[in-house]
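Asks: based on what follows, work out the 3D shape:
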Amino acid sequence: MAGQTLTFDAVNVPVGSVIGVQLIDLAPSRPGITFPGIIAPGCRDALTFNALFYEVTLFPPSTVTGTVPLVIPAGVEGAEVFAQYAILDGLVGGPDLVSAMSNAVKVRVGVN
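Replies: Sure thing, here's the model as predicted:
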């Protein structure tokens, strides 16, 4: 329903991470995208290039509880929203910009 809100949590965040980002998108990228030198080996970006950096956490704990709600506007009943958590430790000296990524989660909104 319009006005519903969603928050997303991330679990098993790598110990010692410096910058975590919750990404939100309306479409997935299948198969996931890899960028050698930008995304660490073994990680795949499962969202499109239009993903929104939705919530940033400095020094994320091992479980990040989402605090910024995503408000669902009217007229999007049944739409799918995709979320993925990324660690951007390359901004502070890591070998790759993205050092870890979660699997993407798909949520269908506004349907009872």
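
Asks: tell me where the model's unsure across this structure.
Replies: 1, 111-112 (pLDDT under 70).

Asks: in it, which spans are strands?
Replies: 5-6, 10-11, 19-25, 28-33, 45-47, 52-58, 63-64, 70-71, 80-87, 100-101, 105-108 (DSSP state E).

Asks: got those strands as a markdown table, with distance to residue 39 and mean neighbour count columns?
Replies: C-beta: built from backbone N, CA, C; applies to glycine. As requested, these are exported to a markdown table (distance: least, C-beta to C-beta, whole Å; neighbours: other C-beta atoms under 10 Å):
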| stretch | distance to residue 39 | mean neighbour count |
| --- | --- | --- |
| strand 5-6 | 25 | 12 |
| strand 10-11 | 17 | 17 |
| strand 19-25 | 12 | 21 |
| strand 28-33 | 8 | 13 |
| strand 45-47 | 6 | 22 |
| strand 52-58 | 15 | 14 |
| strand 63-64 | 20 | 14 |
| strand 70-71 | 24 | 14 |
| strand 80-87 | 9 | 22 |
| strand 100-101 | 7 | 21 |
| strand 105-108 | 18 | 12 |
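
Asks: now the ones you listed as CSV including distance to residue 93?
Replies: CSV is the format used below for the strands of the chain (distance: least, C-beta to C-beta, whole Å):
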stretch, distance to residue 93
strand 5-6, 33
strand 10-11, 22
strand 19-25, 11
strand 28-33, 24
strand 45-47, 21
strand 52-58, 15
strand 63-64, 22
strand 70-71, 31
strand 80-87, 13
strand 100-101, 15
strand 105-108, 29
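
Asks: of these, which approaches residue 94 most closely?
Replies: Closest to residue 94 of the strands of the chain, according to C-beta to C-beta: strand 80-87, at 8.7 Å.

Asks: who does that closest one pair up with?
Replies: strand 19-25 (antiparallel), strand 100-101 (antiparallel), strand 105-108 (antiparallel) (DSSP bridges).

Asks: what's next to the last one, contact-wise?
Replies: Residues from elsewhere that reach strand 105-108, judged by C-beta atoms under 8 Å, 6 or more residues apart in numbering: 6, 8, 28, 78, 79, 80, 81, 82, 83, 84.

Asks: just grab the bridge partners of the residue nearest to the third one when sequence neighbours are not counted for me.
Replies: Spelled out, that is residue 28. Spatial nearest neighbour of residue 28, excluding adjacent residues (C-beta to C-beta, 6 or more residues apart in numbering): residue 82 at 5.2 Å. Beta-bridge partners recorded for residue 82 (DSSP bridges): residue 25, residue 106.
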